[in-house]
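Asker: Sequence first, then the predicted structure:
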Amino acid sequence: MFFKELRSTVMVYANTLKNLPSSRELSITQTSLQNAMMWCGQMLKYNGQGDNPYANNGNRKTVADIEPMYDKTEAFFVTENEIELIDTMRESIQKDIYQLVDKHVEARKALILEEQSIQIFAALQAIQQHLVESRMWLGMELGRRRDEVVTA
């Protein structure tokens, strides 16, 4: 259940960025969040809890044949201002990272060297990496905004 919730939360982060003025930093953050979301999907697939969000039944010929993601959400964070929003997202991502580390520790304790466990460890590492990168790029966005005001 954790990875379904995490995937949904990461989608909320990505949706939130769409409401902010674009910048290089936020564009890279968006990419990192999308990567984390996709790896959460892989984790669900490895655990037998989910499937390919764009599963192909062999009959896809046109755009109309592409089904929507099974877990798509349009939800997003709302705060008083953009700086507070970015800080709120960074703190929330940090909490997700801590929970992910706990899941990684649990998985290591139950270590069984088989193909599925190797895939699970790879997915855990990728999710963590992309969440950490997202948080760092949001920090870079705060710095960019500070520097714009200082030099203006």
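Answerer: That came through fine. Numbers count the residues shown, from 1 in each chain.
Asker: next one: the longest helix that the chain contains to chain centre, how far?
Answerer: Counting by DSSP state H, the longest helix found in the chain is helix 115-151. Taking C-alpha atoms, centre = their mean, to the nearest Å, one finds helix 115-151 lying 9 Å from the centre of the chain it belongs to.
Asker: average pLDDT across it?
Answerer: The average pLDDT for helix 115-151 rounds to 90.
Asker: Identify each buried residue in that helix, please.
Answerer: By neighbour count on 16 or more other C-beta atoms under 10 Å, the buried set for helix 115-151 is 120-121, 123-124, 126-128, 130-138, 141, 145. C-beta coordinates here come from the backbone N, C-alpha and C atoms, glycine included.
Asker: Check stretch 74-88 too.
Answerer: Applying 16+ other C-beta under 10 Å to stretch 74-88 flags 77, 85-86, 88 as buried.
Asker: Show me the shaky parts of this structure.
Answerer: For the chain, the stretches with pLDDT under 70 are 51-56, 109-116, 152.
Asker: still on that earlier bit, quick check: which helices or strands does the longest helix of the chain pack against?
Answerer: Counting by 3 or more C-beta pairs under 8 Å, 6 or more residues apart in numbering; DSSP states H and E, the packing neighbours recorded for helix 115-151 are helix 2-17, helix 24-46, helix 82-109.
Asker: Dump those helices to a markdown table, plus distance to residue 64.
Answerer: A markdown table is the format used below for the helices and strands packed on helix 115-151 (distance: least, C-beta to C-beta, whole Å):
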| stretch | distance to residue 64 |
| --- | --- |
| helix 2-17 | 23 |
| helix 24-46 | 23 |
| helix 82-109 | 35 |
